[in-house]
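**Q** Could you look at this predicted model? Sequence included:
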Amino acid sequence: MTTIDQLLAQGIQHHRDGQLAEAVAVLYRAHTLEPTSVEVLFTLGGALASLHRLEDALACFRRVLDLDPRHPAAPTHIGAALRGLGRHDEATPFFEQATETAPDQPENWGNLAIVYKDQSRLEEARACYQRAWEVSRDPLMLLKRTLALPVITRSRDHIREVRQTFLDGVRNFREAGHAIADPLRQVGQTSFLLAYHGLDNRPLHEAVAGMYAQACPSLTWVAPHCQTGAAPAHRQDGRRRLGFISEHFSLHTIGQLNHGLISRLPKERFHITVITPPRPPDRLRNIILKAADTVVEVPPNDLAQARHRIAAEELDLLYYTDLGMRPFTYFLAFARLAPVQTLTWGHPDTTGIPALDYFLSCDAQEPATGADHYSETLARLPGPTLYYPRPAFDGLKSRVELGLPEDATIYVCPQSLFKIHPDFDRVLVEILRRDPRGLLAFVRGGHPHPWHQLHERLARRAPDVAERIVAVPPMSTRDFVALMAASDVMLDPLHYSGGNTSLEALSQGVPIVTWPGVFMRGRHTHGWYRLMGIDDLVARDWEHYIDLAVRLGTDADWRHHLHQRILAANGALFEHADSVTAIADFLEGAVRRTGR
């Protein structure tokens, strides 16, 4: 008869081997036999968390704390599960409890720093990293303090200061010759927020990537089939082996932007492998996995194991749909896992990582000097560079149903709040000053701190219009589209344009005022307009932006005219088969250029 200890040992081994479903099944058996075993519940919670079944994991960890209120690790794991569910404010007291229970454990201070950072409480986060360093004298704590970036910046001067501190810290760490055994586990963060500063990030990303490559040479591992002298693979079916990788193949912007391409690449030319950590099924995930010839689930917390699993597929091409949002794929991208490795604009910024060969971008969105902004070779492709099914949103809620006033001019800026650059403040408040009926609406994120900081920044600049700057709560995709459709004017942020959001808005004929910035990430909407042959709402400068927005908000006839033109022309953006062909041709050519 199998004992509890044997089942627990089996579950732990399955977890270590990345066999997560098997681990959960065995541990549930153990739990059934001994429902009050703290060790079984805690181990089961960990396996469930690795499967991204966070609600179930949370229930296990809460039960552990009920059974053992002084359990040293349960508060941390409850906090991590809540953070993963986006419930940052609920997570905070558990991380704080962990630092009170074990103040000599640097990881507790590090975890608290992360949740403070998520909430845009940057000074508190940095203080926690400082405390972790004082406890441990681990230089990685100082590095993480350096890498901590504000969600909401205060001013242009603040941005310059933040970036200089960042660059100095990275250079100091590298010059000191510190080693990092496993940056995914020991650092576990990216420089995601640099993209929202409106400045050239290539030097900073190259500095960070160079630091990691020096500190952890194993990051640059090369798969056997990619090593010099390796014979080119000969495929019996003649198809190129193309792998798509992301942590966001689900109901997420990345899933929305990429499922059409993955589903429609010609199967006679490509064998499609989808590489993803385990996730619960949803509508988009099911579409993506069904489109694949092969699905490879990789453990999101073990770089070495993930590298070997991907290498075993002997891919010709590895296509990162996004890089920079999540630590796992960022650190994985340092390895050479296919002869050709590309990324695209799921997170529209360069990486500085030498192992990435090409950045696939929309030619209509790139400035003339675009190639200078990338460490990768820029591939400027025709069309929207995606196959985006036309959104279908019938019967959307009205303005009244959404709780918006009928007698106001609604200017909506429905982007993540970290996209709102301080340069945009002057534009926003001047629009409200010129239109006394104007109401500026943002969408609040999952926790209140960034919104409070943004509103405070705007109110300091223009207390006379602060009462007409509001945030609506988070909402479903359908209601989000209804909000855009019910508004009079949609405002594209300076320096960082809407991508998926703009596509959803334009599908409804919503007029968007935009100013094409210096970098591609500030030119998405401009590119969509170029593909549609519409330039009426593309501003020449910031003053022109204000003029266009106010005219659009106050001239109903002009607004209706543009609404109709957008509806008539937006077919250029959706279900674009030529983009699929262009990407397929480019990828196949890139492999041929390697001699394979």
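**A** All right, it came through fine.

**Q** separation between L573 and A207?
**A** From L573 across to A207, the span is 36 Å (C-beta to C-beta, to the nearest Å). C-beta here means a position set from N, CA and C on the backbone, and glycine is covered the same way.

**Q** Please read the previous query as pertaining to T273.
**A** 33 Å.

**Q** now do R137
**A** R137 is 24 Å from A207, by C-beta to C-beta.

**Q** Which one's more surrounded, the two?
**A** A207 (16 against 10; other C-beta atoms under 10 Å).

**Q** need the contact list for that one.
**A** Residues near A207 by C-beta atoms under 8 Å, 6 or more residues apart in numbering: 167, 170-171, 174, 352.

**Q** quick one: which of those residues is nearest T101?
**A** Lowest distance from T101 to those (C-beta to C-beta) belongs to V170, with 33.1 Å.

**Q** Is that closest one within a helix or a strand, and which one?
**A** Here V170 sits within helix 156-175, counting by DSSP states H and E.

**Q** got a list of contacts for that helix?
**A** Contacts with helix 156-175, where a contact means C-beta under 8 Å, 6+ apart, come from 139, 142-143, 145-147, 149-150, 153, 191, 194, 197-199, 203-204, 207-208, 210-211, 214-215, 422-423.

**Q** Now with 10 Å, please.
**A** 122, 139-140, 142-150, 152-155, 178, 180, 191, 193-194, 196-199, 201, 203-204, 207-215, 421-423 (C-beta atoms under 10 Å, 6 or more residues apart in numbering).

**Q** helix or strand right after that helix?
**A** Remark: after helix 156-175, the chain's next helix or strand is helix 183-186, criterion DSSP H and E.

**Q** in that next one, what counts as buried?
**A** By neighbour count on 16 or more other C-beta atoms under 10 Å, the buried set for helix 183-186 is 183-184, 186.

**Q** Among the residues you listed, which one sits closest to E376?
**A** P183 (20.5 Å).

**Q** wouldn't the closest one be in contact with P327 here?
**A** Yes - counting by C-beta atoms under 10 Å, P183 touches P327, with 7.8 Å between them.

**Q** what touches both of those two?
**A** 189, 303.

**Q** What is the lowest-pLDDT residue among the buried residues of helix 183-186?
**A** Among the buried residues of helix 183-186, Q186 carries the weakest pLDDT, at 94.

**Q** Would you check that my belief about L337 contacting R307 is correct?
**A** Yes - contact status for L337 versus R307: in contact at 6.5 Å, counting by C-beta under 10 Å.

**Q** what sits in contact with each of these two?
**A** Common neighbours of L337 and R307, using C-beta under 10 Å, 6+ apart, are 221-223.

**Q** in the helix or strand hosting V208, what's buried?
**A** In the assignment (DSSP H and E), V208 maps to helix 202-215. Of all the residues in helix 202-215, those buried under the rule 16+ other C-beta under 10 Å are 202, 204-215.

**Q** next one: it to chain centre, how far?
**A** Centroid separation for helix 202-215 versus its chain: 20 Å, with C-alpha atoms, centre = their mean, to the nearest Å.

**Q** Which neighbouring elements make contact with the next helix-or-strand element following it?
**A** Toward the C-terminus, helix 202-215 is succeeded by strand 240-245 as the next helix or strand (DSSP H and E). The helices and strands touching strand 240-245, judged by 3 or more C-beta pairs under 10 Å, 6 or more residues apart in numbering; DSSP states H and E, are helix 253-264, strand 270-276, strand 294-297, helix 303-311, strand 317-320, helix 327-332, strand 340-344, helix 577-592.

**Q** residues in contact with the last one?
**A** To tie it back to what came earlier, the one meant is helix 577-592. By C-beta under 10 Å, 6+ apart, helix 577-592 touches 232, 240-242, 260-266, 269-270, 316-317, 319, 338-342, 344, 357-358, 360, 362-363, 377, 379, 381-388, 576.

**Q** between the shared contacts of L337 and R307, which is closest to R468?
**A** For the shared contacts of L337 and R307, the nearest to R468 is W221 (54.8 Å; C-beta to C-beta).

**Q** Which residue comes closest to that closest one once chain neighbours are left out?
**A** A335 (4.6 Å; C-beta to C-beta, 6 or more residues apart in numbering).

**Q** I'd like to know how far that neighbour sits from M490.
**A** Distance from A335 to M490, by C-beta to C-beta: 41 Å.
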